[in-house]
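Student: Predicted model and sequence below, questions to follow.
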Amino acid sequence: MKDLVFEVKENIALTDSVFQMKLAGDTSEITAPGQFVNIKLDGLYLRRPISVCDCEDGLLTIVYKAVGKGTELMSSMKPAEKLEILTGLGNGYDLRVSGDSPLLIGGGVGVPPMYLLAKKLIALGKKPGVILGFNKKDEIFYEEEFKALGLDVTVTTVDGSYGVKGFVTNAMERPYTYFYTCGPEPMLKAVYKASNTEGQFSFEKRMGCGFGACMGCSCKTITGYKRICKEGPVMKKEEILWEA
C-alpha cells in the first residue's frame, strides 16, 4: 500500500453520469484485478474508494459514477491536475481457480473491475464469457471495450431497451466453469442463488480508512468478521453469509 501523487491525463464522460479517468503514476502496488484505490479530495475528510478498471505501464484507469460531492468534484477535473491516491488496496480476485471458461458478471459500476480481470484471464489462456447489466440503454458503457478483447459479451437491461430484457441472472443459462462478479448487493445475492458453480464476489461498502484500521466496513462471514477493505472486497461464494 502506497500513498502517491497521480496526474490526470484524461477525464471523459461515458454516459450522463459515468466517467472514465486515466491517471499517470506509480502503479507497482496494484497487483491483482479487483483491487481498489482510495482517492483524497480537497476539502473532504473521507477518501473515495474506486475500483481499478485497468492498469499498465504506469497508467491507471478508473471508471466512476458521479453520485455525490466527491465524485462530482472528480468529474470536473482537467488533465494535468493532481490527485493523492492510496494504491494497492484490497485482496483482488484469485485467477488460479477459474477453469477454462469462467463467466464475468458486472452490474453498473461493478463493470469496471471485470475489464482488468478479463485481460488477466486472457493472458492465462482463458476465454471468459461476459455479462454486463444496466437499467437502460443510455446507461451502457464498456460493451465495445470487452468485445475488442475478442470476448462474447451479453448485455442486459432492466427495461429491455437493449440486449436481453431483465437482470444479469436472465443471461446466466450458459455453460461456465467458474464465475466472478461485482455490482450492487441485490444483484450479487441474485447471482449467488442463480449460480451453479463456485465463484467470487466483490462487495461495495462505505469505507473510512480503506486499509483495515478503522473496522468500519466489517461484515460477518462463516469464518468470522472480515473487513471489506482489507480481507475483501473479494470473497468466495462458500464464505458469504447474507443478511436477512
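Tutor: Sure, I can see it.
Student: So for Cys209, what's the pLDDT?
Tutor: pLDDT, Cys209: 62.
Student: what sits against the spatially most central residue of the chain?
Tutor: Taking CA atoms, centre = their mean, the centroid of the chain lies closest to Pro113, which sits 3.3 Å from it. Contacts here follow CB atoms under 8 Å, 6 or more residues apart in numbering; on that basis Pro113 touches 33-34, 36, 51-53, 93, 106, 182, 202. Using the backbone N, CA and C atoms, a C-beta is placed for each residue, glycine as well.
Student: Ala66 now?
Tutor: Going by CB under 8 Å, 6+ apart, Ala66 touches 17-19, 72, 74-75.
Student: Apply 10 Å and report the result again.
Tutor: For Ala66, the contacting residues are 13, 16-19, 72-76, by CB atoms under 10 Å, 6 or more residues apart in numbering.
Student: Ok, Lys236 next?
Tutor: Lys236 touches 94, 97, 198-201, 221-222, counting by CB under 10 Å, 6+ apart.
Student: what do you get for Pro33?
Tutor: 51-55, 92-93, 95, 104, 113-121, 180, 202, 234.
Student: let's see 6 Å
Tutor: By CB atoms under 6 Å, 6 or more residues apart in numbering, the contact list for Pro33 reads 92-93, 116-117, 120.
Student: Name the residues of the longest helix along the chain that are buried.
Tutor: Counting residues, the longest helix found in the chain (DSSP state H) is helix 112-123. By 16 or more other CB atoms under 10 Å, the buried positions in helix 112-123 come out as 112-118, 120-121.
Student: how much space between the residue of the chain most remote from its centre and Gly70?
Tutor: Distance from the C-alpha centroid of the chain peaks at Gly43, with 26.0 Å (CA atoms, centre = their mean). Using CB to CB, to the nearest Å, Gly43 is found at 10 Å from Gly70.
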